[in-house]
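Asker: My questions concern the predicted model and sequence given below.
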Amino acid sequence: MSDIAIKIDGLTYFYPADEGTAPVDVLRGLTLELESGSFTAVLGHNGSGKSTLARHLNALLLPKGGSVYVFGMDTRMEELVLEIRRRVGMVFQNPDNQIVSNVVEEDVAFAPENLGVPSPEIRERVDEALKMVGMYEFRNHAPHLLSGGQRQRIAIAGVLAMRPKCVVFDEPTAMLDPRGREEVMGIIYKLRREYGSTVILITHHMEEAARADRVIVMDSGLVAMDGSPREVFSNVEELSALGLDVPEETRLLYELRREGLNVPLCALDARECAGALAKYFKKTGDIPSGSRTERNADGK
Amino acid sequence: MESNPILRTENLCHVYSAGTPFELTAVRDVNIEVHAGEVLAIIGHTGSGKSTLIQHLNALIKPTSGRVLYEGRDINESKDSIRAVRGNVGLVFQYPEYQLFEETVYKDIAFGPKNMKLGAQEIDRRVREAAGFAGVPEELLERSPFELSGGQKRRVAIAGVIAMMPRVLVLDEPMAGLDPAGRRDIMENIMGYHRETGAAVVIVTHSMEEAARYAGRMIVMDRGSVAMDGAPEEVFSHGEELRAMGLEIPEMTKLQIELQKLGIELRGTVYTLERMRDELLRLERGRRRA
């Protein structure tokens, strides 16, 4: 049995109501366990409760019902909050809401300073975090003169300087261009490889979710689907009903199957999809003239 | 081009912080045309100059050198020409929901037409029509914009620009930060305005899929200059160059390249799912016949 990083049991949460209206239920008895060192993507349309869930993982919000245990610590215990926040770092959508200083390295030092880490160790942590996100050479720059992707990397470095065991990314790439998105995904991989961190990624980008070990789909404050990316994305109709897309390759295969082609249910990227299609057309042979080269004739 | 452009830039340059150590040429010698009634996508990674470029299109910022012409007339010529272009070229910023400020949704949408000094009846007509185009339900009109969800706020902001009934609607990343269903809905609303009024739409986006789905023409910006200008099919056939500029190519074009490596050749440049499906079904029909 591997360790459990996060254990959520029957979690309910509602936002307080305006006068005369009923409170809005956001989480409605959600139960979930996340293994230590795992990489989980959380999908769901706006309003499905994803961000509210995320905010429970480092005690920014406290359960109205049920419980959240983080590395064995109950988030409702006030005296554990600081320790919980040390273990679980949060990265948000907009880096500009997370950056507080005019100099990159001072910004990254902000959280460890607040945690009372001794100065020499702060230096060490800041350098390490900046190297981790590939921004060390920018340590003396002003954050506001950097690109959105670079600012997001600074915000991530600020979280990593706390040396968390778990990092929750709440739509970290929503405001970034493709290059910035790739930079952030690169950091997530590195975090797992080098630190074995537990990563939770809330995203709308199906290609990003396809790279996780596990995908959880939320709907109306509950877990609607839970499995490997392949298992989850194979349910094209169910996902569409929840207002979500699937990777385009998977949708293509779905539409081809509806036309009677016996292709697989799911492909997570272009290469996998091309392989499946080539196999289909090759196995069944007789690709019409003009659409075959010598390279695929060997299979016949 | 055969038809006269409704809007065009002529050797447009824009330099920020000129004469300081932070001098930055954001737009360099740009000549683009927007034709009446077309849907044009402007693509480029962060820092390529696309946001600076479009802010010139309704005289929000002035060129360092070069001109912007609306129906052949320099828009920065006089106060009158600036006022005229603000009514004809509507600009929706990135994250426009941060700019809502009125007490009610209705007042926010009415702000532009009011500034145009229209009569109360005409303002009312336009507010309701614009709300309809942008997908803002009637019952939200008397609510405070600050009570709305992020997606609803964005619609209100778009309605505020549509209420001026611009002949060119320019949107900077209108779908940023929305979920897939929200992105599609907002684009469908914008396209509805385009179809029903014949207005030209200029849309700045990072998403190649969305550019491919909606635009008839694409302009690719790179380091302040126009790197490509053409139909999506043409632009996407330059996959390597796009990647070198830090841009993604559409998933279906990637798939076409992978299929080609495995010996499956498709016709033309495939960049939408519909086209890919149809091409593969064509192969399938050939296979079944054989």
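Answerer: On my side now, so go ahead. All values reported here derive from a predicted model rather than from experimental measurement.
Asker: Which residues of the stretch 1-150 of chain A lie near chain B?
Answerer: Applying Cβ under 8 Å from any Cβ of the partner chain, we find that the stretch 1-150 of chain A lies next to chain B at A:45-47, A:93, A:145, A:147-149. C-beta coordinates here come from the backbone N, C-alpha and C atoms, glycine included.
Asker: Highest neighbour count among these?
Answerer: residue A:149 (22 neighbours; other Cβ atoms under 10 Å in any protein chain shown).
Asker: Need the contact partners of the helix or strand where residue B:253 lies.
Answerer: In this structure, residue B:253 sits in helix B:251-261 according to DSSP states H and E. By Cβ atoms under 8 Å, 6 or more residues apart in numbering or on different chains, the residues outside helix B:251-261 that reach it are A:207, A:247-249, A:252, A:270-271, A:273-275, A:277-278, B:209, B:236, B:239, B:265-266, B:269-273, B:275-276.
Asker: And for residue A:35, the neighbour number?
Answerer: Using other Cβ under 10 Å: residue A:35 sits among 16 other residues.
Asker: Emit the ChimeraX select command for whichever of the contacts of helix B:251-261 are buried.
Answerer: Buried members of the contacts of helix B:251-261, defined by 16 or more other Cβ atoms under 10 Å in any protein chain shown, are picked up in ChimeraX with:
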select /A:207,247,248,249,252,270,271,273,274,275,277,278 /B:209,236,239,266,269,270,271,272,273,275,276
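Asker: Just the contacts of helix B:251-261: which are in strands?
Answerer: Members of these lying in strands (criterion: DSSP state E): none.
Asker: tell me which residues in stretch B:218-225 are buried?
Answerer: B:218-222, B:224-225.
Asker: Check the residues you listed and tell me the two furthest apart.
Answerer: B:218 and B:224 (17.4 Å; Cβ to Cβ).
Asker: In which helix or strand does residue 45 reside?
Answerer: Just so you know, I chose chain A. Counting by DSSP H and E, residue A:45 is found in no helix or strand.
Asker: was after chain B, sorry
Answerer: Using DSSP H and E, no helix or strand contains residue B:45.
Asker: so is the closest residue to chain A within the stretch 151-290 of chain B in a helix, a strand, or just coil?
Answerer: Using Cβ to the nearest Cβ, the closest approach of the stretch 151-290 of chain B to chain A is made by residue B:286 at 2.9 Å. At residue B:286 the chain is in helix, as set by DSSP: H, G, I helix; E, B strand; the rest coil.
Asker: That one - how many residues pack around it?
Answerer: 16.
Asker: Output stretch B:66-86 as PDB, restricted to C-alpha atoms.
Answerer: Written as PDB, here are the backbone C-alpha positions of stretch B:66-86 (Å, rounded to 0.1, in the frame of the first residue of the first chain):
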ATOM      1  CA  GLY B  66       2.600  55.200 -40.300                       C
ATOM      2  CA  ARG B  67      -1.100  55.500 -40.500                       C
ATOM      3  CA  VAL B  68      -4.400  53.600 -39.800                       C
ATOM      4  CA  LEU B  69      -7.100  54.200 -42.400                       C
ATOM      5  CA  TYR B  70     -10.800  53.600 -42.000                       C
ATOM      6  CA  GLU B  71     -12.600  53.700 -45.300                       C
ATOM      7  CA  GLY B  72      -9.500  55.400 -46.800                       C
ATOM      8  CA  ARG B  73      -9.400  58.200 -44.100                       C
ATOM      9  CA  ASP B  74      -6.600  58.600 -41.500                       C
ATOM     10  CA  ILE B  75      -8.400  57.800 -38.200                       C
ATOM     11  CA  ASN B  76      -6.000  60.000 -36.200                       C
ATOM     12  CA  GLU B  77      -6.500  63.000 -38.400                       C
ATOM     13  CA  SER B  78      -8.800  65.000 -36.100                       C
ATOM     14  CA  LYS B  79     -11.000  64.600 -33.000                       C
ATOM     15  CA  ASP B  80     -13.900  64.000 -35.300                       C
ATOM     16  CA  SER B  81     -12.200  61.200 -37.100                       C
ATOM     17  CA  ILE B  82     -11.200  59.600 -33.800                       C
ATOM     18  CA  ARG B  83     -14.800  59.800 -32.500                       C
ATOM     19  CA  ALA B  84     -16.100  58.400 -35.800                       C
ATOM     20  CA  VAL B  85     -13.700  55.400 -35.700                       C
ATOM     21  CA  ARG B  86     -14.600  54.600 -32.000                       C
END
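Asker: What about the buried residues of stretch B:218-225, which are in strands?
Answerer: B:218-222, B:225.
Asker: on that earlier part again, quick one: the buried residues of stretch B:218-225 as JSON lines, columns for distance to residue A:36 too.
Answerer: Shown next, in JSON lines, are these (distance: Cβ to Cβ, whole Å):
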{"residue": "B:218", "distance to residue A:36": "46"}
{"residue": "B:219", "distance to residue A:36": "48"}
{"residue": "B:220", "distance to residue A:36": "45"}
{"residue": "B:221", "distance to residue A:36": "45"}
{"residue": "B:222", "distance to residue A:36": "44"}
{"residue": "B:224", "distance to residue A:36": "48"}
{"residue": "B:225", "distance to residue A:36": "50"}
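Asker: Go through these and name the one nearest residue A:241.
Answerer: residue B:218 (32.7 Å).
Asker: Please look at that closest one and residue B:44 and confirm they touch.
Answerer: No. Residue B:218 lies out of contact with residue B:44 (Cβ atoms under 8 Å); the separation is 10.4 Å.
Asker: Enumerate every residue touching residue A:57.
Answerer: Contacts of residue A:57 by Cβ under 8 Å, 6+ apart are A:6, A:68, A:70, A:88, A:90, A:166, A:168, A:200.
Asker: Leaving out chain neighbours, which residue sits closest to residue B:56?
Answerer: Take residue B:56 and drop its neighbours on the chain: the residue closest to it by Cβ to Cβ, 6 or more residues apart in numbering or on different chains is residue B:68, 5.2 Å away.
Asker: Could you say which helix or strand holds that neighbour?
Answerer: Residue B:68 belongs to strand B:65-70, assigned by DSSP H and E.
Asker: So which other helices or strands are in contact with that strand?
Answerer: strand B:5-16, helix B:79-88 (3 or more Cβ pairs under 8 Å, 6 or more residues apart in numbering or on different chains; DSSP states H and E).
Asker: and with 7 Å instead?
Answerer: strand B:5-16 (3 or more Cβ pairs under 7 Å, 6 or more residues apart in numbering or on different chains; DSSP states H and E).
Asker: Can you tell me the strand partners of the helix or strand following the strand it packs on and which way each runs?
Answerer: Sequence order places strand B:24-30 as the next helix or strand after strand B:5-16, per DSSP H and E. With DSSP bridges as the test, strand B:24-30 is paired with strand B:5-16 (antiparallel).
Asker: Contact partners for residue 105?
Answerer: Answering for chain A, as no chain was given. Contact analysis of residue A:105 by Cβ atoms under 7 Å, 6 or more residues apart in numbering or on different chains lists A:126, A:130, A:139-140.
Asker: wrong chain, I was asking about chain B
Answerer: Contacts of residue B:105 by Cβ under 7 Å, 6+ apart are B:136, B:140-141, B:143, B:145, B:156.
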